[in-house]
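Q: Build me a structure from this.
(chains A and B)
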Amino acid sequence: MTLDWSSVWDNRDRLLAGARMTVMLTAATMALALPGGLALALLRLSPYRAVRGAATGVVEFFRATPLILQIYWVFYVMPAAFDVRLSEFGTALLGLTLNVSSFNSETFRAGILSIRTGQWNAGLALGMTKFQVLRKIVLPQAVTRVLPALASTWVSLFKDTSLVSIIAVADLSYVALKIRSETYRILEVLTAMAALYCIMGYPQAKLADWVHRKLKVTE
Amino acid sequence: MSGDNGRARVGGAAAPILAFDGVVKRYGAIEALSGITFQVNRGEVVCLIGPSGSGKSTLLRCANALETIEGGRVVFDGIDLQDKESDVRKLRQRMGMVFQNFELFPHLTVLRNVAIGPLTVLGMARAAGESRAAELLRKVGLADKAAQHPAALSGGQQQRVAIARALAMQPDVMLFDEPTSALDPETVGEVLSVMKALADEGMTMVVVTHEMDFAKRVADWVVVFDRGLVIEQGPPRQIFEQPTVPRTREFLSHLGWHGEGLTGTGPLVDRSARIREAPDS
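A: You can find the predicted model right below:
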């Protein structure tokens, strides 16, 4: 068997552009899914049952269905049912954001609930509003506690962005699979694709491990 | 019941700063407070004593509406806390609270812990808030710990920071919920000394405590709780020397208290008169 790496080298610009898209999609999704997840978490902790119920429904739906289905759903159903048309990138971003927000909301919720009632009482006893206690006392501690979990989600998300290739978003997976079908150099192209994901993903995973170690809860 | 003996008490000439009138608190089917009535006058140190689970700490949390109540009234400076019109948050700003487990904010330095009330609630400028905080840390003897985080401090030091944090709001009343129950024996004294100094300055204080020596020497008025009721109240001389209710005598003798005189000059912390037990909540 002869290997012909020119199929990879000649397309290096396209592959790098795909890698850039993957990173951008990951960063943009997380940038939206952090506030999104926090908002969902707060809604789930609302004193109003209807609000709580609605937020729980959203979260459970996105946690219980496959991401690939959610992306398809946003891509096909939204334009047909609601006449909402987004670019491929917009569609991918929306699908990923909804999914990751749901997971982040559970992470934030666990973090908030892990802060004992006494901390709330101490803030309230000073005369703070509930919102002030949340912002100044509970969230800073909760977020520190859940950063490792958020870092793990980030690493998963980085890889899961490959699913958006099914709706023709030119991320690393889409570009690589396209080059494969153009050149028929399956082994070379898939190896290059694996190498690129690995080169980008490994430092992120290491960073996540470091966050894990760094933020072991101390009180 | 508070009407007659009220006049003989410290600050009895003026209206009470804090009054409990038939306070009832239930947790489901369990009645934690079955109609608590007593008052706290301005400048008075009132100690709440009694067995664990008798409702002392619960009542203290009702005083600043951290607990809702099912019956009766809590009136602070003439304002009914249960009244829908009352701004509970404003009232809480005038009541400092010290918790059994300190409840310092672990993510903030000691200085920021003390300054957070003035900065967040009173909207003070950073410099002014922090200089007030530094002043109070000096007062509780912890100026050198300002830049540390609470985890680096001993229990006694943490509790003194918590007292400074409450004082930073310049409250009218200080509420202490078993402030020394979670402490190592050797750090109890430093916290009690700070409290004694506060009392000597004329601060109005309500103290839930198992430190009978403190209650005997510092309190102006002692309220004895048992099973959600006040079974006896009076000046420390009465409670510790001639309790009128058998249950009071029983409770005190359980603690190894046998009516020592009031003239003791020993250290404020008398091991024999102190019991360590689980939080009553």
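
Q: Could you find the closest non-adjacent residue to residue A:130?
A: In this structure, residue A:130 finds its nearest non-sequential neighbour in residue A:124, 7.4 Å apart by Cβ to Cβ, 6 or more residues apart in numbering or on different chains. For every residue, glycine as well, the C-beta is placed using N, CA and C.

Q: host element of that neighbour?
A: Counting by DSSP states H and E, the element that carries residue A:124 is helix A:117-125.

Q: what packs against whichever helix or strand comes after that helix?
A: Under the assignment DSSP H and E, the closest C-terminal helix or strand after helix A:117-125 is helix A:130-133. Packed against helix A:130-133, as judged by 3 or more Cβ pairs under 8 Å, 6 or more residues apart in numbering or on different chains; DSSP states H and E, are the following elements: helix A:117-125.

Q: What is the helix it packs on packed up against?
A: Against helix A:117-125 (3+ Cβ pairs under 8 Å, 6+ apart) you get helix A:130-133, strand B:95-98.

Q: And the contacts of the helix holding residue A:124?
A: With Cβ atoms under 8 Å, 6 or more residues apart in numbering or on different chains as the test, helix A:117-125 has contacts from A:130, A:132-133, A:136-138, A:141, B:61, B:64, B:66, B:92, B:95-97, B:99, B:101, B:103-105, B:166.

Q: do stretch B:172-179 as well
A: So stretch B:172-179 is contacted by B:17-18, B:40, B:42, B:57, B:60-61, B:63-64, B:76-77, B:94-100, B:159, B:162-163, B:166-167, B:191, B:195, B:198, B:203-210, B:279-280 (Cβ under 8 Å, 6+ apart).

Q: out of these, which are buried?
A: B:17-18, B:40, B:42, B:57, B:60-61, B:63-64, B:76, B:94-100, B:159, B:162-163, B:166-167, B:191, B:195, B:198, B:203-210, B:280 (16 or more other Cβ atoms under 10 Å in any protein chain shown).

Q: So which of those residues would count as near chain A as well?
A: B:61, B:64, B:95, B:96, B:97, B:99, B:166 (Cβ under 8 Å from any Cβ of the partner chain).

Q: quick one: pLDDT of the fourth one?
A: If you check residue B:96, the pLDDT there is 97.

Q: Just give the nearest non-adjacent residue to it, would you?
A: residue B:166 (3.0 Å).

Q: if I look at the one you found, how far off is residue B:104?
A: 11 Å (Cβ to Cβ, to the nearest Å).

Q: just residue B:214 next, same as before
A: From residue B:214 across to residue B:104, the span is 22 Å (Cβ to Cβ).

Q: Tell me who's in contact with residue 40.
A: Unless you meant another one, I'm taking chain A. Applying Cβ under 8 Å, 6+ apart to residue A:40 gives the contacts A:55, A:58, A:59, A:101, A:102, A:104, A:105, A:108.

Q: could you do chain B instead?
A: Applying Cβ under 8 Å, 6+ apart, the residues contacting residue B:40 are B:16, B:17, B:18, B:19, B:46, B:173, B:204, B:206, B:221.

Q: so where do the strands sit in the stretch 1-150 of chain B?
A: Under the criterion DSSP state E, counting those that start in this stretch, strands of the stretch 1-150 of chain B are mapped to B:18-27, B:30-40, B:45-49, B:71-76, B:79-80, B:95-98.

Q: Out of those strands, indicate the one that is most buried.
A: strand B:95-98 (a mean of 28; mean count of other Cβ atoms under 10 Å in any protein chain shown).

Q: partners of that strand, with directions?
A: strand B:173-177 (parallel) (DSSP bridges).

Q: got the angle for the strand it pairs with vs helix A:117-125?
A: 170 degrees (axes from the mean of the first three to the mean of the last three Cα atoms, to 10 degrees).

Q: Which element is encountered next along the chain beyond strand B:173-177?
A: Going down the chain from strand B:173-177, the next helix or strand is helix B:185-200, by DSSP H and E.

Q: what does that next one rub up against?
A: Contacts of helix B:185-200 (Cβ under 8 Å, 6+ apart): B:45, B:140-141, B:154-157, B:159-160, B:163, B:167, B:174, B:176, B:179-180, B:183, B:205, B:207, B:211, B:214, B:217-218, B:267-269, B:271, B:274.

Q: Flag every residue of the stretch 51-200 of chain B that's near chain A.
A: So the stretch 51-200 of chain B meets chain A at B:61, B:64, B:66, B:89-90, B:92-93, B:95-97, B:99, B:101, B:103-107, B:116-117, B:120-121, B:151, B:165-166, B:169 (Cβ under 8 Å from any Cβ).

Q: Just the buried subset of those residues, please.
A: With burial judged by 16+ other Cβ under 10 Å, the buried subset of these is B:61, B:64, B:66, B:89, B:92-93, B:95-97, B:99, B:101, B:103-107, B:116-117, B:120-121, B:165-166, B:169.

Q: picking up where we left off before, now for the helices and strands packed on helix A:117-125, which one comes closest to residue A:35?
A: Of all those, helix A:130-133 sits nearest to residue A:35, with 15.7 Å by Cβ to Cβ.

Q: Who are the packing partners of the helix or strand residue B:166 falls within?
A: Element membership of residue B:166 [criterion: DSSP H and E] is helix B:155-167. Applying 3+ Cβ pairs under 8 Å, 6+ apart, one finds that helix B:155-167 contacts strand B:95-98, helix B:110-116, helix B:126-139, strand B:173-177, helix B:185-200.

Q: hang on, residue B:94 packs against residue B:79?
A: No. Shown here, residue B:94 and residue B:79 do not form a contact pair, counting by Cβ atoms under 8 Å, at 9.9 Å.

Q: Give me the below-cutoff pLDDT ranges for chain A.
A: The model of chain A has pLDDT under 70 over residues A:1, A:216-219.

Q: I'm done for today, thanks for sticking with me.
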